Structures are given as structure tokens and as C-alpha cells.
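Enquirer: no letters, just coordinates:
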């Protein structure tokens, strides 16, 4: 996954709301959202080559997403799939437990990554390159890609997304979802220097799916919108029918 947009505890009724585009080789097989584990229940897409996931959440209200982290060196094919790390993190109950798990896990088993994990009370991003570095997130709006660090303003893609997010009211979830869909379909700025798009159309590589997950609490239902293909070409469908009820009420 290469673009992850995070709204953490800024949307009324939805402590965790994320949008993600998965960029991958077109030939790499994957499955759309489904049940990945049963104890605890875990929902997400599945990588059919290595068995992991790039984005998912569990019945405890823990959401985890992973992006590759670009470096000058090509990835080492002998290392363990980063998607398996994401899936293992989803076996935990809280974000704090994931942080402890990562402290014990050897990051060197994987190619460089950024791992976002959040529950309704805590949120973190752990990045691995030469070592694991973890930052705690306050309520706010964040963008995580395969380039640089979270909210890296040197990237036009990140700046554009954050500018649009800052304009959004926290109480209109319909407007927020529509804006996230538009951002996931963005092909870059057609005027001026070429910018990195969110929806990637490459030769042999590009955006292969897009997901928007809204974890509602109290009276607000969960939503899992997914486009199995480029979101500029394929509509989003709501997979909420496979999910459980809302999370317990969460104070903001």
C-alpha cells in the first residue's frame, strides 16, 4: 500500500477513519475484503501470494495499515513479507500491545516499512529502515506514503491531501467520505511540475485497489468501502454487512 490517509479522532462518531490506495504489481494476486482471522475476528484484504494484508481491523477496534518505505536499495526478496507483520499485529487487542510486539520483533526480518496502528484511545506509526522508530499520534489528520515520513511536507502529494483535509468539517461524514474518494482518484496536478499521483497508472505497476474504513462508535455504524481496481475506474462498494456492530461510545 502506498498512500494512507488518516483522520484520527477528528470526525464526529468515528474515532478512526482512513482511506488507502494499494499500489502493487498488476500480476500480484489478492482477494477483496473478507474475514482474515476468527480469534479475534479480523477483516481486511488478503495478499494471495504471501498470505498477509496491507490494511485491516479487528473486533476489538484496532486498525492496522502498512506501506512500503522507499530506499535507494531494491527490496531484498529473501526477507519476510511485510503484510504478514500487519496481519500478526491485528492479532493484538490494542495499539499499545502492538507497540510492545514491535519492540520485541526483529525489524531486520523485513524490508523497510511504515506501520500505522490505532485504537479509539491511542495511535502510533512505527517506521523501520535502519532501526524501528515509533511516534505517537495526537488527534489530527495525517498522510503516510511510501516516501519520507508521516505528513512529509516536502511531497506535493502529501501537501495537497492535507490542504483538502483541513477544509473538512468534522461533523459531515458524507462530505468527508466523498472528499476521500476524490483524493484517492487524484492523478496529480496537471499544471506545473509533475507531481506524484494518489491513483497510479503505470506500466506493470500501479493502484490495484482502494479502501475507506470508518470505525463508528456508539450509534454510528462501521463502514468498509472498497474499490477492487483503480478507484477512478471502479466504484466503491460497502462491505459493512460482514462487520459487527459499532464500537462502544468513545469520548473525543
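Expert: Right, received. Where do you want to start? This one's a predicted model, so the numbers in the text were calculated from it and none came from an experiment. Numbers count the residues shown, from 1 in each chain.
Enquirer: for the closest residue to residue 94 other than its chain neighbours, which residues are in contact?
Expert: Spatial nearest neighbour of residue 94, excluding adjacent residues (Cβ to Cβ, 6 or more residues apart in numbering): residue 119 at 5.1 Å. Every C-beta, even on glycine, is put in place using the N, C-alpha and C of the backbone. Counting by Cβ atoms under 8 Å, 6 or more residues apart in numbering, residue 119 touches 16, 60-63, 94-95.
Enquirer: change it to 6 Å
Expert: By Cβ atoms under 6 Å, 6 or more residues apart in numbering, the contact set of residue 119 is 61-62, 94-95.
Enquirer: just the strands in the stretch 151-252 of the chain please.
Expert: Remark: strands assigned in the stretch 151-252 of the chain by DSSP state E, counting those that start in this stretch are 205-215, 223-227, 237-238.
Enquirer: tell me how many other residues surround residue 229.
Expert: Look at residue 229: counted by other Cβ atoms under 10 Å, it has 14 neighbours.
Enquirer: which non-adjacent residue is nearest it?
Expert: Excluding the flanking residues, the one nearest residue 229 by Cβ to Cβ, 6+ apart is residue 209, at 6.5 Å.
Enquirer: surely the one you found is in contact with residue 228?
Expert: Yes. If you go by Cβ atoms under 6 Å, residue 209 and residue 228 touch, sitting 5.5 Å apart.
Enquirer: these two: which has the busier surroundings?
Expert: Shown here are residue 209 and residue 228; by other Cβ under 10 Å, residue 209 has more neighbours (23 against 18).
Enquirer: ok, what's across the strand from that one?
Expert: When assigned by DSSP bridges, residue 209 has beta-bridge partners residue 22.
Enquirer: quick check: the closest residue to residue 159 other than its chain neighbours vs residue 161, distance?
Expert: Spatial nearest neighbour of residue 159, chain neighbours left out: residue 153 (5.6 Å); criterion: Cβ to Cβ, 6+ apart. Separation of residue 153 from residue 161 (Cβ to Cβ, to the nearest Å) stands at 11 Å.
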